[in-house]
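>>> Here is my input, please return the structure:
(chains A and B)
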Protein chains: 2
Amino acid sequence: MTIARRRPQALRNALYAQSGGATAVVNASACGVIEAARAARGRIGRLYAARDGILGALKEDLIDTSREPAASVRALRETPGAAFGSCRYKLKGIDEDRDKYARLVEVLRAHDIGWFFYNGGNDSADTALKISRISAAMGYPLAAIGVPKTIDNDLVGTDCCPGFGSAAKYVATSIREAALDVASMASTSTRVFVLEVMGRHTGWLTAACGLAAARAGDAPHLLLFPELLFDEARFLAKVKRTVERVGYCVIAVSEGLRDAQGRFLAEQGSVDAFGHRQLGGVAPLVAHLVQARLGYKQHWAVADYLQRAARHIVSRTDLEQAYALGRAAVRLALAGENAVMPVVERVSARPYRWRIGSAALETVANRERALPRRFISADGFGITQACRRYLAPLIEGEAPPRFRDGLPSYVRLRNHPVPRRLRTAFRG
Amino acid sequence: MTIARRRPQALRNALYAQSGGATAVVNASACGVIEAARAARGRIGRLYAARDGILGALKEDLIDTSREPAASVRALRETPGAAFGSCRYKLKGIDEDRDKYARLVEVLRAHDIGWFFYNGGNDSADTALKISRISAAMGYPLAAIGVPKTIDNDLVGTDCCPGFGSAAKYVATSIREAALDVASMASTSTRVFVLEVMGRHTGWLTAACGLAAARAGDAPHLLLFPELLFDEARFLAKVKRTVERVGYCVIAVSEGLRDAQGRFLAEQGSVDAFGHRQLGGVAPLVAHLVQARLGYKQHWAVADYLQRAARHIVSRTDLEQAYALGRAAVRLALAGENAVMPVVERVSARPYRWRIGSAALETVANRERALPRRFISADGFGITQACRRYLAPLIEGEAPPRFRDGLPSYVRLRNHPVPRRLRTAFRG
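Numbering: from 1, shown residues only, chains lettered A, B, ... in the order given. Next up, the predicted model:
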C-alpha cells in the first residue's frame, strides 16, 4: 500500500491551452510545459489543460494532465495536431468582452490557477496579455506566459516560430521530390507543376520552398509571394523562358497570392472566426492560367493541412526549440515573470547556435513579421542568399516518429476531465 | 597505366527503359537491373538506357549506364522520379505502327541489343510483348522482359506492384496526420477534411487510406472509390452522422470518382497521350458539396505528384521488391526467357513472406486488376478486414533517404550519351 502524498494547501495550479492552427510540433511544447511543471512539483500544484483552447477555459472544461502517464506525455513530442484541442476564438477588447474576461477569471479562481500558459500566435499573445491585465485589475493574482507557435513564422521578437521549421522542411522536401517526377516526364507530359503552400499574409513558407533548389536551374523555378502583387505578364514570360531553357517549370505559390488590385486570387468568399478570409485553391488557378496562355500541360497540388501536420518529417531543430520553449515558459513562470513569452535567439548562423530568451507580450501581441524584401530576389520570383542563410538551419536535422504496422504511431491522451466547481455555465 | 579490357565481340548489349508515371521506387528497379547486368559482365555487354523511355529508343537517344559510378547507381535506390526520363507514348498495333516498330528494331540492331528491359505498367507490358514479336518476325534475335511498376497496383499476375506500397504508405500517413489536425480544431473550425488520391480506375490507393484507421471511429471515416458510382444522398447522410458522432469527418476520395451517370466528377476536359482523360480537383468539389448541403466548414488537399514521388517515406517492403524485380529481370534474361515479367508472389500473409516469380507478358498486357468488391465494406465507404490483411504488409518498414542540409539528398546521374550509329532520324 502506498501513502498518498497530499499537496500542501499553498500550492497553486497552472493552466495550459493551445490556440489556433495545429502544427507538427505544438505538442512538443505541451510536453515541455508538462514535464517542467512536473519537475517543479514542490512549487506548482496540478497542471491543467483547457479543452479546445481558450473555449475550454471559458466553459470550465479542463483536463487534468497530472493523470497522464509520463510515457504518454513524452510521446507528445512525436504526435502532431493539438492533443488537448485548439480553437479559433478571439477575445475582443477588455471593454467589449468584459463578461468573458470576468468569466475567465472566475474559472481561474475556482481552480486556483496561478499561471496561465497560452500556446499560440500573435492573436494568442494578445489574449494572454489581456488576461494578465484584467486579472490584475480584478485583484486576482495570475501570471500569463505565452508560448510561441505558428507555421507562418510571423511572430515578432523571436528569431523563428516553432512549427515553421517543420512545415518548411515538408514543403521543401515535397517540391524537390515532385520536381524530380516532373523532370522525368516533361518531354511528353507535364511541363508545369504548381504547389500551393500556406502563409496567408507572409511568404515564409513560400520562401522555404526555395531551399529545395541547391544549384542554379534547380526547381522550384518560380516562387509567388503574398507580399508581391501578381504580375501575370512577367510571370508567364518567366514560365515560358524556364520551360524553353530547362524543359519544365516548377512553381510554389502562396495561398495568399493577390492580383494587381490586391484581391486574393483564390477568394472563397468565406471568413473564419477572426474575420480572416478563408483561402484555398490558388494552385489550380495558376496552373490553368499557364495552360490556357502557354499551352503547357500542367499538374498542381494543394498540401493544405498535410504541411502543418507532417510529424513524419519534422525538423529536429524545430522540434527541439518547440520543446525547449515549453520548458522555458515554466521557468519564466517560476522566476516570477508575467506577460512574457520565451523566444528563440540566434546566437550564430554558422555553425547554427540558438538560445532561449524572452520578450514582453506587449511587444509581440497583434504584430506580424513580414518576409523582408531583401529576402526576395530582385525579379520577385526567388529567394536571396540572405534568405537562404536565415532559413537553412531551421530545417536541419531529422526526428522521425516511431512506426507501427508501417505507419507513424501517435499517442492519444486520456484527457481526464477536472471536476467542475462552478454552478454557472459559459454563455458564449 | 591500366590496360583497357576489351569486350569480346560476341557479347551483346542490353537496353533498359522506364515508362509512364514515375514512382518513389522505380529507380530502385533501375538499380537492380544495372547492378545485375554489371554482375553479369561476362555475358551481357553494355547496359544502355533509353532517354525518356521508348521515345529515346525510337530516337536513338541512348545513355551508357556503364559510365555511371557504382555509388551513383546505388543511390538510385534513394532517388524518386525516373532517372533516365520516362514518357507517355503508346505504340499502337503492329499493323498500325509498323514503321515505328521497324525503326525500333533498326536502333536495337545498330547497337546490338540482345535484351530489352521495359519498366512500366500494363501498357508497357503490351509494348514489350509487341516488340518481342516483331523482332522475331523480322528475324532479329531479342528477348523483351517487363519490369512491373505502377502506383495504381492494377497489374495482373503479381501480388502487388512496385511503387504502390510507398504511395500507399504516404497517403495513409498523410491522412492520419491531417486527421489529428482536424480533430484538434473541429469544435470551432474545420469539420470536414477531404484528401484526393490517385488511381484513375482502381481504388487501391483510396483503400490504402483506410489503413490509417486503427480503431473504430478513427479517421478516415469515408472512402470514395472509383469502382462505385457516387451516391450523393447516402454520402451526405454518412458525413452528417459521422460529424454528429465523432465531431468531425475525414474523407479520402479517388481522382476517378464518377457520378450516378458514370461521368468523372472532376472532368477537366483534357486528355493525355493515351487518350485517357486527365483528372484533378475532385476533392474541392466534394468538400464544397458538403459545405453547401450540410454547412460544415471544410478543408481539402490534393496530393497529386507528391504521393508518387515521396521517397522520404517509402515502404521498405516496396523498395526491396522494386529492387529485387529489377535484378530478377536480368536473371530471367540470362535464363533465356522472353516476353516475361518478374512478379511478386505472396508466400504467406502473417508473417508476410514473398518471393519472385514470373508471368508471361501475354497474360499481363493491357489488363487491369480492379479492387475486388469483397475488399470494400458493405456500405461502400470503407475497407474490409480482407482488404486490410492484403494491404498491411505492403506498407511495412521504413527506408529513409540520406539527408543533407535538412533535405533528402537525391542523386543526379551523368547520363552519358551513346554515340549514334544511324544516319536516319526518327519521324514520330
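
>>> ok, the residue in the stretch 151-300 of chain A that chain B sits nearest to - contacts?
Per C-beta to the nearest C-beta, A:Leu180 is where the stretch 151-300 of chain A lies closest to chain B, at 3.1 Å. Heads up, the C-betas are built off the backbone N, CA and C, glycines and all. Residues counted as contacts of A:Leu180 (C-beta atoms under 8 Å, 6 or more residues apart in numbering or on different chains) are B:Ala22, B:Thr79, B:Pro80, B:Gly81, B:Ala309, B:Tyr410.

>>> and A:His299, what does it touch?
A:Val182, A:Thr190, A:Val192, A:Phe193, A:Val194, A:Ala287, B:Gly280, B:Asp304, B:Tyr305.

>>> Mind checking which of these land in helices?
A:Val182, A:Ala287 (DSSP state H).

>>> now, among the contacts of A:His299, which is nearest to B:Ala75?
In terms of C-beta to C-beta, no member of the contacts of A:His299 lies closer to B:Ala75 than A:Val182, at 19.9 Å.

>>> Pull the number of nearby residues for the closest residue to A:Leu55 other than its chain neighbours.
In space, A:Leu55 comes closest to A:Cys87 once its chain neighbours are excluded; the distance is 4.8 Å by C-beta to C-beta, 6 or more residues apart in numbering or on different chains. Number of residues near A:Cys87 (other C-beta atoms under 10 Å in any protein chain shown) recorded here: 26.

>>> same check, this time on the one 5 residues further on
As a burial measure, A:Lys92 scores 12 neighbours (other C-beta under 10 Å).

>>> does stretch A:350-369 come close to chain B?
No: against chain B, stretch A:350-369 shows no contacts by C-beta under 8 Å from any C-beta of the partner chain, the least distance being 10.6 Å.

>>> which of the residues in that stretch are buried?
By 16 or more other C-beta atoms under 10 Å in any protein chain shown, the buried positions in stretch A:350-369 come out as A:Trp354, A:Ile356, A:Ser358, A:Ala359, A:Ala360, A:Leu361, A:Glu362, A:Val364, A:Ala365, A:Arg369.

>>> Give the full set of residues in contact with the spatially closest residue to A:Phe116 that is not a sequence neighbour.
Nearest non-adjacent residue to A:Phe116, counting by C-beta to C-beta, 6+ apart: A:Ala144, 4.7 Å away. By C-beta under 8 Å, 6+ apart, the residues touching A:Ala144 are A:Trp115, A:Phe116, A:Tyr118, A:Ala128, A:Leu129, A:Ile131, A:Ser132, A:Ser135, A:Asn338, A:Ala339, A:Leu361.

>>> got the CA positions of stretch A:24-39 in PDB?
The C-alpha trace of stretch A:24-39 is given here as PDB (Å, rounded to 0.1, in the frame of the first residue of the first chain):
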ATOM      1  CA  ALA A  24       3.600  19.200 -36.200                       C
ATOM      2  CA  VAL A  25       5.400  20.200 -33.000                       C
ATOM      3  CA  VAL A  26       3.000  22.100 -30.800                       C
ATOM      4  CA  ASN A  27       2.500  19.000 -28.700                       C
ATOM      5  CA  ALA A  28       6.300  19.100 -28.100                       C
ATOM      6  CA  SER A  29       5.800  22.500 -26.500                       C
ATOM      7  CA  ALA A  30       3.000  20.900 -24.400                       C
ATOM      8  CA  CYS A  31       5.400  18.100 -23.400                       C
ATOM      9  CA  GLY A  32       7.900  20.700 -22.300                       C
ATOM     10  CA  VAL A  33       5.400  22.600 -20.200                       C
ATOM     11  CA  ILE A  34       4.000  19.400 -18.600                       C
ATOM     12  CA  GLU A  35       7.400  17.900 -17.900                       C
ATOM     13  CA  ALA A  36       8.800  21.100 -16.500                       C
ATOM     14  CA  ALA A  37       5.700  21.600 -14.300                       C
ATOM     15  CA  ARG A  38       6.000  18.000 -13.000                       C
ATOM     16  CA  ALA A  39       9.600  18.700 -12.200                       C
END
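
>>> buried residues in it?
Within stretch A:24-39, the residues that count as buried by 16+ other C-beta under 10 Å are A:24-38.

>>> Narrow the residues you listed to those in helices?
Among the buried residues of stretch A:24-39, the members found in helices (DSSP H) are A:26-38.

>>> Same list, those, but only the ones touching chain B.
Applying C-beta under 8 Å from any C-beta to these, none is adjacent to chain B.

>>> Secondary structure class of A:Asp218, three-state.
Three-state call for A:Asp218 (DSSP: H, G, I helix; E, B strand; the rest coil): coil.

>>> That one touches A:Gly210, doesn't it?
No: shown here, A:Asp218 and A:Gly210 do not form a contact pair, counting by C-beta atoms under 8 Å, at 9.7 Å.

>>> more crowded one of those two?
A:Gly210 (27 against 16).

>>> Kindly provide the distance from that one to B:Gly114.
Per C-beta to C-beta, to the nearest Å, A:Gly210 is found 47 Å from B:Gly114.

>>> before we move on, what about A:Ala57?
From A:Ala57 to B:Gly114 the distance is 75 Å (C-beta to C-beta).

>>> Surely A:Glu362 and A:Ala339 touch.
Yes: because the distance of 6.8 Å satisfies C-beta under 8 Å, A:Glu362 is recorded as touching A:Ala339.

>>> okay, and the common contacts of those two?
With C-beta under 8 Å, 6+ apart as the test, A:Glu362 and A:Ala339 both reach A:Leu129.

>>> Could you find the closest non-adjacent residue to the residue nearest the centre of chain A?
Geometric centre of chain A, nearest residue: A:Thr150, 2.1 Å, by C-alpha atoms, centre = their mean. Nearest residue to A:Thr150, sequence neighbours excluded (C-beta to C-beta, 6+ apart): A:Gly121, at 4.0 Å.

>>> what sits against the one you found?
Counting by C-beta under 8 Å, 6+ apart, A:Gly121 makes contact with A:Ser19, A:Gly20, A:Pro148, A:Lys149, A:Thr150, A:Asp152, A:Asp154, A:Leu155, A:Cys161.

>>> likewise A:Leu155?
Per C-beta under 8 Å, 6+ apart, neighbours of A:Leu155: A:Gly121, A:Asn122, A:Ala125, A:Pro148, A:Cys161, A:Val364, A:Arg367, A:Arg369.

>>> which one of those is nearest B:Val73?
A:Cys161 (41.6 Å).

>>> Would you confirm that the closest one contacts A:Ala167?
No: applying C-beta under 8 Å as the test, A:Cys161 and A:Ala167 come out as separate, 10.0 Å apart.

>>> joint contacts of the two?
With C-beta under 8 Å, 6+ apart, A:Cys161 and A:Ala167 have common neighbours A:Ile151.

>>> ok, the two, which is more surrounded?
A:Ala167 (34 against 28).

>>> hey, where'd the strands end up in the stretch 101-250 of chain A?
For the stretch 101-250 of chain A, the strands defined by DSSP state E, counting those that start in this stretch occupy A:113-120, A:143-148, A:192-197, A:222-224, A:249-254.

>>> before we move on, the earlier item: settle it for me: which of A:Ala57 and B:Gly114 has more neighbours?
A:Ala57 (26 against 19).

>>> which non-adjacent residue is nearest that one?
With C-beta to C-beta, 6+ apart, the residue lying closest to A:Ala57 is A:Ala50, at 4.2 Å.

>>> how deep is the closest residue to A:Gly357 other than its chain neighbours tucked in, by neighbour count?
What sits nearest to A:Gly357 in space, not counting adjacent residues and going by C-beta to C-beta, 6+ apart, is A:Glu345, at 4.3 Å. Residues lying near A:Glu345 (other C-beta under 10 Å) number 15.

>>> contacting residues for A:Glu345?
Per C-beta under 8 Å, 6+ apart, neighbours of A:Glu345: A:Thr158, A:Asp159, A:Trp354, A:Arg355, A:Ile356, A:Gly357.

>>> how close does A:Val282 sit to A:Ile383?
19 Å.

>>> typo on my end, it should be A:Asn153
Taking C-beta to C-beta, one finds A:Asn153 at 14 Å from A:Ile383.
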